[in-house]
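[1] Provide a 3D model corresponding to the input given below.
(one chain, ligands or ions: 1)
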Amino acid sequence: MKSFYNSIGDRILKHTNCIEQYLNGASMLKLSKEFGVSGHTIRRYLDKNNISVRTQSEQVIGEGNPFWKGDNVGYGALHDYVRSKKAKPILCEDCKTTKYQLDLANISGEYKRDLSDWEYICRKCHMNKDGRMTKLIERNRNGIQATK
Ligand SMILES: [Zn+2]
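    Down below sits the predicted model:
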């Protein structure tokens, strides 16, 4: 029974760019969500294809942005500090929508203890900005152009 499910997982993954994404820094968790298989299946699939699996700490760096993973206590404290000092607006400071929940986001990427380095933006803007930031960090780290 187990091998039956395993083979389904493998068959799904065979038609994805799972390995490529993993090598580009996507976590196993992200891939398992994206492709609807278990993390175990991803892991086994990578093993089977002789892809070396990253350790947890490498994984966090591999994601491009170590701050968002909740791994960094300093970041959490800083976030709380800014949140307590900076009033939350009604509109997204970027696109002025009220449609999405607002997130506190860092502007410079340097996470300064400076309220002007932070803004409240909506989920959509936040995701756009994070995407750009992640690529920037990856590029700096690898010295290569990130794809897309
Ligand atoms: Zn917005």
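[2] how about the residues of the chain near the ion?
    With C-beta under 5 Å from the ion as the criterion, the chain meets the ion at residues C92, D94, C95, C122, C125. No exception for glycine: its C-beta is placed from N, CA and C like everyone else's.
[3] what's the closest of the residues you listed to C18?
    C125 (29.3 Å; C-beta to C-beta).
[4] so that closest one touches D94, yeah?
    Yes: proximity of C125 to D94 meets the contact threshold set by C-beta atoms under 8 Å, at 4.2 Å.
[5] which one's more surrounded, these two?
    Of the pair C125 and D94, C125 is the one with more neighbours under other C-beta atoms under 10 Å, namely 21 against 17.
[6] just the element for the more buried one, please.
    Counting by DSSP states H and E, the element that carries C125 is helix 123-142.
[7] just Y111 next, same as before
    Secondary structure (DSSP H and E) places Y111 outside all helices and strands.
[8] phi, psi for the closest residue to it other than its chain neighbours please.
    Once flanking residues are discounted, Y111 sits nearest to L78: 6.0 Å by C-beta to C-beta, 6 or more residues apart in numbering. Main-chain dihedrals, L78, degrees, to the nearest 10: phi -60, psi -40.
[9] let's number from 28 now, not from 1
    Will do, 28 is the new start, and the previous item becomes L105.
[10] any idea how far L105 is from the ion?
    22 Å (C-beta to the ion, to the nearest Å).
[11] how many residues are close by the residue nearest to T124 when sequence neighbours are not counted?
    Ranked by C-beta to C-beta, 6+ apart and with sequence neighbours excluded, the top spatial neighbour of T124 is C149, at 5.5 Å. C149 is flanked by 22 other residues according to other C-beta under 10 Å.
[12] who does C149 form a beta bridge with?
    Beta-bridge partners for C149, by DSSP bridges, are L129.
[13] looking at it, it is touching L131, isn't it?
    No: using C-beta under 8 Å, C149 makes no contact with L131, being 11.5 Å away.
[14] ok, and the closest non-adjacent residue to G63?
    Excluding its sequence neighbours, the residue lying closest to G63 (C-beta to C-beta, 6+ apart) is I39, at 7.3 Å.
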